[in-house]
Structures are given as C-alpha cells and as structure tokens.
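Student: here is my input; please provide its structure:
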Amino acid sequence: MFQLPPSSIQIEKILNWRYRDILGSLLKSITLYNYEAIIKTTTKHVPSLIQCLKYEPIWKYTNCVDITAMDRPGKKYRFTIFYFLRSFLHHSMSVVITQTNELLPLFSLTPQFKSAAWSEREIWDMFGVFFLKNNDLRRILTDYGFASHPARRDFPLTGFVESAYNDTLKMIQISPVELTQVYRLYRYPKRWTNVDTTVTNNGE
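Tutor: From the prediction side, this is the model:
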C-alpha cells in the first residue's frame, strides 16, 4: 500500500521529540525553524550540550561557525551568547543560546572547537564576558591597556580617550576626549521662510 511521506509538521514533531529525548535536562527550550534547532540552555550546561551535539550521530555538529553576543542593560542576565554550529554531514545548522552577566563566567569551547578561541577573545574584548579554560583570553580588537568594553550599550559612543600623532614629539599621544561645542548655539537659516507663498485671486 502506498504511504504518503511525512509532512513538515510531522517531521518537526519527530525532531523535537528526538532533541528532548536525548538532551533531556540540558534543554531549557527548543524551537525548530526549517528543521534547524534554536536551543536555549543555562551557562553550566553549555559544554555538555554542545559536546552531545558534536558527537551524537544523528546531528554531528562538528564545526563551530561563530560565537557572538548581544547586550541588554538593565536585565539580570544582560548578555545573550549565541553559538552557531554546522553539520557538514547532514547539511544543517543549529543555534545554542545562553544568558550571563558580568560576574558569571562561561566555560570555553576550545576543548571541543579550536576555532572558538578567537570568537571568545572578541566577546571578552567587546563585551567583557569571561571564558574559563581559555588559555589565550587576550584583547583582539582594541589596543593594549584599553579600558572597559566598547560593545556594551552603556559605553559612550565617543569613548573615554582619543589618540593622535604628535608631529612635534614624533609619537602617538593618548588624551581624554574633548568635544568642541563651537556650533552648539548655531541657528541654521530656514530657507523656506524667504519664499513668497502669496496666492493671487486667479490661483496663479
């Protein structure tokens, strides 16, 4: 007897059940979009969950494409961390999401993925999220001795210091930011106030 192939809804239900059955308590929530999983978990479960996603035969997410972060000040866990994983065997991607703050460090993924080292350095440099067991957690985008983390929402757009080359001293000088306010009270002319808007009786 001919049997119809399963619909997309049935496939998503099966995938959802497989994720929950295998990962179990490691999950907080899971959403499937185009057969790709968006998984939310706690910070302490990130290494175990990603280890399972990497070596479980039905997934085989053997490549960490990128790790990035988002800052939402005012929340208890202001930083949202996104791990983008790819399976070359099954031609699929998955996103693992967790939340943390300035005082709660994350475990590094460098034991599982060597490529994660640079992404973790960038997040540490830009957001100030610390990664345990990362042996090379240096700044990667800002200069040596840079204060604070520029990708945080509460970091001023102008920064705290500015650098410029001093031709007299033949060296680069770093000094506090000075914002010139020469044009603060400048009033721009309104061009449209000089236009004659009178209308004659015949409408011309």
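Student: so what pLDDT did His149 get?
Tutor: Confidence per residue is given as pLDDT, and for His149 that number is 91.
Student: wait, what's in contact with it?
Tutor: For His149, the contact set (Cβ atoms under 8 Å, 6 or more residues apart in numbering) comprises Asp125, Met126, Phe127, Gly128, Phe155. No exception for glycine: its C-beta is placed from N, CA and C like everyone else's.
Student: can you tell me how far the most centrally placed residue in the chain sits from Leu15?
Tutor: The centroid of the chain falls nearest to Ala69 when counting by Cα atoms, centre = their mean (2.5 Å). Ala69 sits 27 Å away from Leu15, going by Cβ to Cβ, to the nearest Å.
Student: strands along this protein, start to end?
Tutor: Under the criterion DSSP state E, the chain contains strands at 29-33, 36-40, 63-71, 79-87, 92-100, 106-107, 131-132, 161-166, 171-176.
Student: can you list those in CSV and add distance to Arg139 and mean pLDDT?
Tutor: Rendered in CSV, the data for the strands of the chain read as follows (distance: least, Cβ to Cβ, whole Å; pLDDT from 0 to 100):
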stretch, distance to Arg139, mean pLDDT
strand 29-33, 34, 84
strand 36-40, 29, 89
strand 63-71, 15, 95
strand 79-87, 17, 96
strand 92-100, 19, 94
strand 106-107, 17, 95
strand 131-132, 13, 95
strand 161-166, 15, 84
strand 171-176, 15, 86
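Student: of all these, which one is nearest Tyr19?
Tutor: Across the strands of the chain, the minimum distance to Tyr19, taken as Cβ to Cβ, is reached by strand 29-33, at 5.3 Å.
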